[in-house]
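*Asks:* Mind folding the following:
(chains A and B)
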There are 2 protein chains.
Amino acid sequence: MVDIPGTRSLLSEDFAAPITDRFFEDYRAGSSYAYGYLPVSLEEIVEFARRYDPQPLHTDPDYAERGPFGGIIASGWLTSSLCMRLFADHFLSRNASLSSPGIDELRWPAPVRPGDVLHVRIDVLETRSSRTKPDRGLVRTHLEGVNQDGRTVLDFHAVNFLSRRHPG
Amino acid sequence: MVDIPGTRSLLSEDFAAPITDRFFEDYRAGSSYAYGYLPVSLEEIVEFARRYDPQPLHTDPDYAERGPFGGIIASGWLTSSLCMRLFADHFLSRNASLSSPGIDELRWPAPVRPGDVLHVRIDVLETRSSRTKPDRGLVRTHLEGVNQDGRTVLDFHAVNFLSRRHPG
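*Replies:* Numbering: from 1, shown residues only, chains lettered A, B, ... in the order given. As a prediction, the model looks like this:
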């Protein structure tokens, strides 16, 4: 079992409310957050891939050495999951997150390699009350996963539904 | 460590070439494949979420019981990763898969719960040679993850680059 270490918390001034008491109203369009970090090990790349994406590019260092990336790289689903960890640890409310209908324009513009250290940049693009359910609102974000050299390794747009502190 | 059992193989008549000798040219637009299955356990839902998506909806059965889904549900990233396993085990070439630039319109239209058994439906939407690299082609697919009741739990469009058997 690979152990994922803690990641740097957002500072208390980053949000009006702590993550355990954070509602729809605490997200503001135009806000940006950048934080991390999360190291990626060879062990975790191989373990994840053996379970979920057993392509030799992700499981076999020797095969990968001769391949298009000149070495083993993480499954894009691991990259996504690692950045989800950063998203859930510090940004997404722990008390008011209801669900996510999905993700748009999920891209892996550069590979993640063993030893990389990832952080995230999150922009809040839009917040609006639900048209049909007065107890919740929608938060639309742009997330980038970035490695230690400043290269973007993940890029997507997400929608999350969150409970309102004060149902409309 | 959760052990993922094998999934039903595509039959030999499903593809012109076995998965270990399958190139770009072996994918045909208009082809459809449906196969599985992959069971999902409570243990795997919780283990994955503790590492990658530690929202109580995915980690705490008691909390989830009182939540919007009336019980614990899988992280959408686990649902995606499980279906990737089915995609990689039987559809995606084991010798010619180069990379994927990303995914579009990733949706989780219904939750995955402990005890669910998933299968996939894959449609090949488009195949075309790379405009810039004569050694490869692009395969665009639509994938649906489906549970034992026939409900779609995952839906996305993917692009994969594959080596050509006969470089153009």
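*Asks:* contacts and neighbour counts: CA atoms only from here.
*Replies:* Fine.
*Asks:* The biggest helix by length in chain A to helix B:76-90, inter-axis angle?
*Replies:* As far as residue count goes, and with DSSP state H defining each element, the longest helix of chain A is helix A:76-90. On the basis of axes from the mean of the first three to the mean of the last three C-alpha atoms, to 10 degrees, helix A:76-90 is oriented at 170 degrees to helix B:76-90.
*Asks:* Which helix or strand lies directly C-terminal to helix A:76-90?
*Replies:* The element immediately downstream of helix A:76-90 (helix or strand, assigned by DSSP states H and E) is strand A:97-107.
*Asks:* what angle separates the helix or strand following that next one from helix A:76-90?
*Replies:* Sequence order places strand A:117-129 as the next helix or strand after strand A:97-107, per DSSP H and E. Between strand A:117-129 and helix A:76-90, the angle formed by their directions is 70 degrees, by the same axes, to 10 degrees.
*Asks:* Adjacent strands (with direction) for strand A:117-129?
*Replies:* For strand A:117-129, the pairing partners within the sheet under DSSP bridges are strand A:32-39 (antiparallel), strand A:136-146 (antiparallel).
*Asks:* do the longest helix of chain A and chain B meet at all?
*Replies:* Yes - Helix A:76-90 lies within reach of chain B by C-alpha under 8 Å from any C-alpha of the partner chain, at A:77, A:80, A:81, A:82, A:84, A:85, A:88, A:89.
*Asks:* what's in contact with that helix?
*Replies:* Applying C-alpha atoms under 8 Å, 6 or more residues apart in numbering or on different chains, the contact partners of helix A:76-90 are A:7, A:9-10, A:19, A:36, A:38, A:45, A:48-49, A:94, A:108, A:112, A:118-120, A:145, A:153-154, B:51-55, B:77, B:80-81.
*Asks:* and the residues you listed, which are buried?
*Replies:* Neighbour counting with 16 or more other C-alpha atoms under 10 Å in any protein chain shown marks A:7, A:10, A:19, A:36, A:38, A:45, A:48-49, A:94, A:108, A:112, A:118-120, A:145, A:153-154, B:51-55, B:77, B:80-81 as buried within the contacts of helix A:76-90.
*Asks:* Provide a list of residues in contact with residue A:48.
*Replies:* When contacts are taken as C-alpha under 8 Å, 6+ apart, residue A:48 is in contact with A:75, A:78.
*Asks:* what angle do the host helix or strand of it and helix B:76-90 make?
*Replies:* With the criterion set as DSSP H and E, the secondary-structure element containing residue A:48 is helix A:42-52. Following the same axes, to 10 degrees, one obtains 70 degrees for the angle between helix A:42-52 and helix B:76-90.
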